[in-house]
Structure formats: C-alpha cells, structure tokens
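Q: Next input, structure requested:
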Amino acid sequence: MRDFGVGLRFLFSGQRWVARHGRWWAFGMIPALIALVGYVAALVVLVVYAGDLAAWATPFADGWSELWRNAVRAVVAGVAIGAGGLLAMLTFTAVTLLIGDPFYESLSAKVEATEGGGPPEPDVPLWRQLWVAARDSLAVVLRAVAFGIVLFLCGFIPVLGQTVVPVLALCVSGYYLTAELTGTPLQNRGLAQKERLRLLRSRMSMTLGFGTGLALLFLVPGATVLAMPGAVAGATLLVREISPYEVEGAEEDGGDGDDGGDGDDDGPQPDSYQQSNPYQQQNPYQQSNPYQQQNPYQQNPYTADPRNG
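A: Next up is the predicted model:
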C-alpha cells in the first residue's frame, strides 16, 4: 500500500508542477482540446444515429410486434452508445498523446530539466518518432480494448458485475493510462515497449496508484483536458523514480578512476609537466658539448693505417 500512495502522490506532484509553470500547462492542453473536440463530435454522431444503427443490426426483428421491436433496438442502441463511450475513455489518452507527441515530449523534457536533468532528446526524425508512438499506442489500445470488451460483458453477471468488475475495470484503465503516459520518458531512456511494460509490472502498486487516481480524475467532466498536462508531468516524475537517469555530471565525476569510463573519452589527458620540460629538451650540456666533440686528446691520429692511404 505504501507504493500505491507514492504513485498517487506523483499524480498530484505533476499537477503542482504545471500549476507552478502556467505557460507549460496551457501549452500541454492544446492536444487534449483537439482530441476532445474530435471525440465529442464522434459521440454526438453516434447518439444521433444510434437508432438507425440498431435497426441495421437487428433485421431479424422487423416482423416482431412494435413493442418488442422497439425494446430490443433500444437496448442495442444503448449498448452501442455505452460501448462507444467506453472506447472513447480507453483510447482518449492514446489519441491525445499521439496528436500531442511533440508537445508532451517538450513538456516531459522540461520536467526532467527542472528536476535535475534527464536523457537528451533522441536524434531521430520526427516522422519516425510519430510512427513509433503510433505503433506502440495502437498495441496498448488493442490490449486495453480487449480487456474492456471482456469486462463489459462480465458486467452483466449478477453481483460480480456490480462489485468486482468495476474495480477491475478501474485497475485495467489505470494501468494502461500509466503505460501510455510514461511511454515518452521511458522511450527516451532506450526502453522498448515490452521492457517498459515489464518495468511497470515490477512496480505494479505504484503504477496502479498513479493510474487509478488518474482514471477517477478523468471521470469528472472536463477534467481530462485540464489534468492532462499535469498527468504528463506526474508520469515523468514517476519514471524518474522507477528508472533513474544518471546525468553527465555524475559520469564525469566518476570517470577519474582506472578505466572506469564508458569508452567515449579520448584516453588519458596529457601531463603538462611531462610535455614541456625545458631542462630536458634544451640541456646544453647534453646536446652540444664542445669538449666532447673537439677534444684533440680523444682523437687518435694513428687509428688509420698509413699503409691503406
């Protein structure tokens, strides 16, 4: 339970961070507003045409009495609207993150910088970043939708559907919300999606504390848009806890030992006292000794054989 509380605390720490940095809060709301407009429009269309969709899906009821036909199609229309709302809740964060990937990457980098530094921005083209983000988001969304369908059907089970299933649905939504929001900072640390999910599972209590609190917050109308920048900031703070990044200054401090570096340095630095010693390079007594070069007593005139000349 302690880790659960720590995860919940990171959620509120992220909201406090954006409250202190109002410009970044407004900057982070732009993608959520764009996604919200799109989802509201799609849900309005679904509600308006739910009756037609139910009639198309139940052609077998055309010959029934009007009472039963209308009752069945009303149930089908309600299920369609409920499924659309559930799908919107499960996919809103993924779509918002996909739309706002450049926005949230800058926001996450700013949080890292204010909290002691983080990994540098990846040297990858923007189109490739968007492709990887879309691919990973789609994989997470498909998993979440699969669980959502199963839990939706389990909701019709008496007693369990009204007690256990809502709790499980909240936990599943919270886990995948955390997986989506922590994707960018964990990816900047060089972790693939499988490794990211494995890391989150290893700290499941903390993950659920952050995610379930956020899922409950997102149930409040309008809170999704307002809380999304703080959720991104809180997810970055959570990542700094479960996957710390060693800044370059710490590596330089620890690089004074014997071959303890990572191989990126240029080798041992030259010693100025060994490079330029004027007494070793310009010693007149070692380089030019006139008494050794022109000593007539050391030259023996009889070393040459006069018979050879």
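Q: And residue 161, how far from residue 118?
A: Distance of residue 161 to residue 118, given as C-beta to C-beta, to the nearest Å: 44 Å. In short, each C-beta sits where N, CA and C put it, glycine included.
Q: neighbour count winner among the two?
A: More neighbours surround residue 118 than the other of residue 161 and residue 118, with 22 against 15 (other C-beta atoms under 10 Å).
Q: Which helix or strand contains the more buried one?
A: In this assignment (DSSP states H and E), residue 118 forms part of neither any helix nor any strand.
Q: Show residues contacting the helix or strand where residue 53 lies.
A: Per DSSP H and E: residue 53 is located in helix 50-57. The contact list for helix 50-57 (C-beta atoms under 8 Å, 6 or more residues apart in numbering) reads 46, 73, 74, 76, 77, 78, 80, 81.
Q: Buried ones among these?
A: Neighbour counting by 16 or more other C-beta atoms under 10 Å classes 46, 73, 76, 77, 80, 81 among those as buried.
Q: So residue 244, which state does it fall into?
A: coil (DSSP: H, G, I helix; E, B strand; the rest coil).
Q: what's the neighbour count on it?
A: The tally of other residues near residue 244 (other C-beta under 10 Å) stands at 11.
Q: List the residues that contact residue 86.
A: Residue 86 neighbours (C-beta under 8 Å, 6+ apart): 148, 152.
Q: Residue 230 now?
A: Counted by C-beta under 8 Å, 6+ apart, residue 230 has contacts 11, 14, 15, 16, 17, 18, 19, 25.
Q: which one of those is nearest residue 156?
A: Relative to residue 156, the closest of the contacts of residue 230 is residue 11; by C-beta to C-beta it sits at 31.9 Å.
Q: Does the closest one touch residue 210 like I think?
A: Yes - with contact defined as C-beta atoms under 8 Å, residue 11 counts as touching residue 210 (5.2 Å).
Q: what sits in contact with each of these two?
A: Counting by C-beta under 8 Å, 6+ apart, the residues touching both residue 11 and residue 210 are residue 234.
Q: neighbour-wise, which of those two wins?
A: For residue 11 and residue 210, the more surrounded residue by other C-beta under 10 Å is residue 210, and the numbers stand at 33 against 26.
Q: Low-confidence stretches in the stretch 101-250 of the chain?
A: By pLDDT under 70, the weakly predicted segments of the stretch 101-250 of the chain are 121-124, 126, 246-250.
Q: Tell me which stretches of it form helices.
A: 101-114, 126-154, 160-181, 183-188, 193-202, 204-218, 223-242, 248-253 (DSSP state H, counting those that start in this stretch).
Q: Redo those helices as a markdown table? Include distance to residue 2.
A: Shown next, in a markdown table, are the helices of the stretch 101-250 of the chain (distance: least, C-beta to C-beta, whole Å):
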| stretch | distance to residue 2 |
| --- | --- |
| helix 101-114 | 24 |
| helix 126-154 | 27 |
| helix 160-181 | 17 |
| helix 183-188 | 23 |
| helix 193-202 | 15 |
| helix 204-218 | 8 |
| helix 223-242 | 13 |
| helix 248-253 | 28 |
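Q: do you know which of those lies nearest residue 62?
A: helix 126-154 (26.5 Å).
Q: roughly how far out does the closest one sit from the chain middle?
A: 15 Å (C-alpha atoms, centre = their mean, to the nearest Å).
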